[in-house]
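> Below is the sequence, then the predicted model.
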Amino acid sequence: MLKASAQRIQNVLTQFGHPDVVQELQETAHTAEAAARAIGCTVGQIVKSLVFKGQRSNQAFLFLVSGKDRVDLNKAAQIIQEPLKRADADWVKENIGYAIGGVPPIGHASPLTTVMDSNLWQYPTVWAAAGHPYAVFPSTPDHLRAMTKALVHDIHI
């Protein structure tokens, strides 16, 4: 039986008709490196869901990048059209509803502007957090983009 936060993500996957299911791991997937070890894939196949806060709007923005990459804040700010700063753990939990290390790309209480890095398309299968640091789900970049309605840009360093 899945933890409640992971079950919410499974429900969203089911609503989208997504063929894959949430998997709970024996080891934490709190970081991209730990997730890759636990899953048995490359770090690049891990989708990091990074939350940044607009400095003017105080709005949350979600950036999806490969586990081997970092977000280029200058590129991201140009896309969002405002300066960004990394959101702290308490702010993310309060505003997104999930703890850092388990922030999923889908299943948020309110829609988020989401930007997905074009680098993710080099992998046929990627793995994303499923609402809990011990839960993940596989997807293709195309399915992930369709579910998140993400803008696609080169945002990695």
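Received the coordinates, thanks.

> give the contact list for the residue lying closest to Gln55 once chain neighbours are set aside.
Excluding the flanking residues, the one nearest Gln55 by CB to CB, 6 or more residues apart in numbering is Pro83, at 4.2 Å. Heads up, the C-betas are built off the backbone N, CA and C, glycines and all. By CB atoms under 8 Å, 6 or more residues apart in numbering, the contact list for Pro83 reads Gly54, Gln55, Arg56, Ala77.

> Tell me the one of those residues nearest Tyr98?
Distance to Tyr98 across these (CB to CB) is lowest for Gly54, with 19.0 Å.

> Go ahead and flag the most central residue of the protein.
Ser49 (2.7 Å; CA atoms, centre = their mean).

> re the thing from before, sort out for me which of the contacts of Pro83 are in helices.
Among the contacts of Pro83, the ones falling in helices (DSSP state H) are Ala77.

> Is it possible to mark the buried ones in the contacts of Pro83?
Neighbour counting over the contacts of Pro83 (16 or more other CB atoms under 10 Å) leaves Gly54, Ala77 as the buried ones.
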